[in-house]
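Undergrad: sequence first, then the predicted structure, then my questions.
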Amino acid sequence: MTIVLKLGGSVITEKDRPETLDGRALDETADAIAEALADGTVEDIVLVHGGGSFGHHHANEFGVSTTAGSHAVDAVHAIHGAMTTLNRFVLQRLLDRDVPAVPVAPFSAAYRSGDGALTLPTGQVETLLGEGFVPVLHGDIVAHVGAGVTVVSGDELVVELADRLGADRVGLCSAVPGVLDGNDAVIERIESHEDVASVLGDSDTTDVTGGMSSKVRALLALDGPASIFDLDGLTAFLAGERPGTTVDGERQ
Ligand SMILES: Nc1ncnc2c1ncn2[C@@H]1O[C@H](COP(=O)(O)OP(=O)(O)OP(=O)(O)O)[C@@H](O)[C@H]1O
Ligand SMILES: C=C(C)CCOP(=O)(O)O
């Protein structure tokens, strides 16, 4: 049973304050993951974390997004540097709880072709998993043919990893308890983007990768169902339940 889980930047950082961690939320997240691994609820898990106030802040300053590129070497170092700093924090909290977490940096492995299609080699992730490690990837900057570098979101990485690893369960832990309808109630199930397009928006905070709308679009492309939930739903997700919103585009 392989799980791919994204820890949203809106959960583990204070997204409206540049380079500020939400230490308490990160502790809670790491506790839930460590407990699920220790009691055997979870065996193989790949983690991906988003940019939060680390990646998005710098990407925004340099005008870089998943489609708008840059050839400025400073942009690479600022964005990738901030993301590796955040990655160190995430790894440390997991290591403190005896989770065998190791970094996998997309910048060194992934790239986009001229039309924006992402190539992400996953042999190292599969091998690390097989050898008992917990790979921790993150949204990053990547080489992009004809555009210099662009941002790759954690959501894109989740979809690629889930496909390539044949993940059994896919989850996005975000700042909201699920996708919300016009009355702020959690929508239980989404099977097409059209059904919910009117309520899907961008992030409320600085975010160069498109907030909830692009999340739902990305998850609909997966072969199986995926869940969007908040920190309160994390333990249930790890235990095999489906908290929050289930996005399932299988029948499209
Ligand atoms: N219909 C909706 N339901 C829920 N959230 C929505 C909706 N429309 C827009 N949003 C926004 O999308 C945000 C979640 O997207 P965001 O990209 O900020 O999350 P994340 O993936 O956790 O963070 P990061 O991109 O930093 O990793 C919510 O906090 C909310 O502001
Ligand atoms: C902004 C950067 C570098 C990463 C974006 O990843 P996301 O927060 O998962 O959208």
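TA: Structure received. Numbering: from 1, shown residues only. Ligands and ions are numbered 1, 2, ... in the order given.

Undergrad: ok, S70 - contacts?
TA: For S70, the contact set (C-beta atoms under 8 Å, 6 or more residues apart in numbering) comprises F62, G63, V64, A147, G148, V149, T150. The way it works is simple: take the backbone N, C-alpha and C, and place the C-beta from them, glycine included.

Undergrad: want to throw these into a markdown table with distance to ligand 2?
TA: Below are the contacts of S70 laid out as a markdown table (distance: C-beta to the nearest ligand atom, whole Å):
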| residue | distance to ligand 2 |
| --- | --- |
| F62 | 10 |
| G63 | 12 |
| V64 | 8 |
| A147 | 15 |
| G148 | 14 |
| V149 | 10 |
| T150 | 10 |
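
Undergrad: neighbour-wise, give me the winner out of those.
TA: V64 (26 neighbours; other C-beta atoms under 10 Å).

Undergrad: give the bridge partners for the residue lying closest to that one once chain neighbours are set aside, please.
TA: Closest residue to V64 apart from its sequence neighbours, by C-beta to C-beta, 6 or more residues apart in numbering: S70 at 4.9 Å. Beta-bridge pairing for S70 (DSSP bridges): V149.

Undergrad: what does the pLDDT read for S70?
TA: Per-residue pLDDT puts S70 at 98.

Undergrad: ok, the closest residue to T122 other than its chain neighbours to L219 distance?
TA: Spatially, and ignoring its direct neighbours in sequence, T122 is nearest to R164 (4.3 Å; C-beta to C-beta, 6+ apart). Distance of R164 to L219, computed by C-beta to C-beta, to the nearest Å: 16 Å.

Undergrad: neighbour count winner among the two?
TA: Per other C-beta under 10 Å, whichever of R164 and L219 has more neighbours is L219, with 27 against 15.

Undergrad: can you give me the distance of the more buried one to ligand 1?
TA: 12 Å (C-beta to the nearest ligand atom, to the nearest Å).

Undergrad: swap in V208?
TA: On the measure of C-beta to the nearest ligand atom, V208 and ligand 1 end up 9 Å apart.

Undergrad: got it, and H77?
TA: H77 is 20 Å from ligand 1, by C-beta to the nearest ligand atom.

Undergrad: give me the neighbour count for the residue of the chain found nearest ligand 2.
TA: At 2.2 Å from ligand 2, G139 is the closest residue in the chain, using C-beta to the nearest ligand atom. By other C-beta under 10 Å, 31 other residues sit near G139.

Undergrad: dump the residue contacts of it.
TA: Residues near G139 by C-beta under 8 Å, 6+ apart: 9, 48-51, 55, 83, 106, 151-154, 157, 209.
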